[in-house]
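Colleague: one predicted model, sequence on top.
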Amino acid sequence: MLKRGLIVLVLTLSAAVTVLYGRGIPERIGPWRIEVGPAGNEFYDSTADEKLDEDASDPSETDRPPDDRKKFEELLKKELGPYRERFNFENQIKKLGKGPKNKDVGFRYVVVGDTRSHWELWPNIVKHIDKLEPKPAFVINTGDLVKHGYAQEYRNYYIKALLETDIPFFVAIGNHDDGSGSKAREYRYLFGENALNYYFDYGRVRFVFIDTSSSVQSEEKTLEWLDKTLGNTPKGYRKYVSAHKPPKTIEKWSYHAWGSKESKIFTDLMKKHSVSEVYMGHIHAYSTAHYNGVNYTLSGGGGATLHGYFGPLGSIHHYIICDVGADGSVKQQIVRFYTLKGNKFPRLGL
């Protein structure tokens, strides 16, 4: 009874703040009702059900790509060739520019992750983001865009939804994105050879993306690059880092995380360089943590099977609106998607 009462109380408070935070945001899209609330309010319960649902069926399940190099290159050209120029990260960064013309004005971006395996939800998330006012400057995806990382999946699932918006999408590659041979060949063909570890500066913030998933480069080299890139950040700029796997050093996420050695080095680097915000996915939920003076936000509720450990406000499909103030501080709003048929947890207003 106590646990159920706590859940109802949390949901009641969430409904109350929706009025304040949800103004100007569409309340419904497709078969989902939308609720918007402030950061936090989720909790961790290790005794809860591991999963809340199952991956949606994949209507375009594809065979493994051919081993023959020539046939594989022909497949890439056919499936992804028409989209390379548009989705190449370097091209998108050039299009994005350096930020608002007035450096004393803030800006907005969105964080979402683990968007694979839900053919109905993913395009509706994109449509909902595109309807925001003001429109986000860009979107950070914390990885696991598709189920296997194959060319047809990128074309039929990920790309198809994005053709309806002109907002740039940047990705921290996930373990489901590394394609045939775990070398991210399809991913790099579409997004660029430098799409695994990269950064851009926007509005007095350095946004850094690292690869915690593929086998293209060793973890040691990735972390060395991260250390150098953060160390070279212009004076007066804040630092935000995006990666797919959360660090094992944060206990509540340790059951599904990066390796122990890599995690320790990573969180030490976050502290060393006074990183303001870290975004991750891999765990299919919303959760937050403050570790060694650094804010960590986990956003993996974009479509894959939900993990059940994080309560009714955490174990939910969602994305995050991030509004950056003139001082570089970030205010988060959590946009949650509730099916009109109801969910496993009790919902208010249905």
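Modeller: Thanks, I have the structure now. Note that this is a predicted model, so its numbers are computed, not measured.

Colleague: C-alpha from now on. contacts and neighbour counts both.
Modeller: Fine.

Colleague: helix, strand or coil for Asp144?
Modeller: When classified by DSSP: H, G, I helix; E, B strand; the rest coil, Asp144 comes out as coil.

Colleague: who's in contact with it?
Modeller: Applying CA atoms under 8 Å, 6 or more residues apart in numbering, we find Asp144 in contact with Gly113, Asp114, Thr115, Arg116, Ile173, Gly174, Asn175, His176, Asp177, His244, His282.

Colleague: correct me if wrong: the fifth one contacts Gly143.
Modeller: In this case it means Ile173. Yes: here Ile173 reaches Gly143: they are 4.8 Å apart, a contact under CA atoms under 8 Å.

Colleague: residues shared between the contacts of the two?
Modeller: Counting by CA under 8 Å, 6+ apart, the residues touching both Ile173 and Gly143 are Ala243, His244.

Colleague: who's more crowded, those two?
Modeller: Set side by side, Ile173 and Gly143 show more neighbours around Gly143, with 31 against 28, by other CA atoms under 10 Å.

Colleague: and the gap between the more buried one and Gly113?
Modeller: Gly143 sits 6 Å away from Gly113, going by CA to CA, to the nearest Å.

Colleague: who touches both of those two?
Modeller: Joint contacts of Gly143 and Gly113 (CA under 8 Å, 6+ apart) are Gly281, His282.

Colleague: skip the chain neighbours and tell me the closest residue to Phe43.
Modeller: Phe310 (5.2 Å; CA to CA, 6 or more residues apart in numbering).

Colleague: buried ones in stretch 76-87?
Modeller: Across stretch 76-87, burial judged by 16 or more other CA atoms under 10 Å covers Leu76, Lys77, Glu79, Leu80, Tyr83, Arg84, Arg86, Phe87.

Colleague: and the furthest pair within these?
Modeller: Leu76 and Arg86 (15.4 Å; CA to CA).

Colleague: and the helix or strand harbouring Ser263, which residues are buried?
Modeller: Taking DSSP states H and E as the criterion, the element that holds Ser263 is helix 260-272. Residues Glu262, Ser263, Ile265, Phe266, Thr267, Leu269, Met270 are the ones in helix 260-272 that count as buried (16+ other CA under 10 Å).

Colleague: I figured Val36 hits Val335, correct?
Modeller: Yes: here Val36 reaches Val335: they are 4.6 Å apart, a contact under CA under 8 Å.

Colleague: give me the neighbour count for Lys160.
Modeller: 12.

Colleague: how far away is it from Gln152?
Modeller: From Lys160 across to Gln152, the span is 11 Å (CA to CA).

Colleague: next one: Lys98
Modeller: On the measure of CA to CA, Lys98 and Gln152 end up 33 Å apart.

Colleague: again, but for His317
Modeller: 25 Å.

Colleague: which one of the two is surrounded by more residues?
Modeller: His317 (28 against 23).

Colleague: can you tell me the helix or strand for the closest residue to the more buried one other than its chain neighbours?
Modeller: Spatial nearest neighbour of His317, excluding adjacent residues (CA to CA, 6+ apart): Gly301 at 4.3 Å. Here Gly301 sits in a region with no helix or strand, counting by DSSP H and E.

Colleague: pull the number of nearby residues for Gly301.
Modeller: Neighbours around Gly301, by other CA under 10 Å: 29.

Colleague: ok, now which ones touch Gly203?
Modeller: Going by CA under 8 Å, 6+ apart, the list of residues near Gly203 reads Lys98, Gly99, Pro100, Lys103, Gly106, Phe107.

Colleague: hmm, which of those residues are the buried ones?
Modeller: Among the contacts of Gly203, the ones that count as buried by 16+ other CA under 10 Å are Gly99, Gly106, Phe107.
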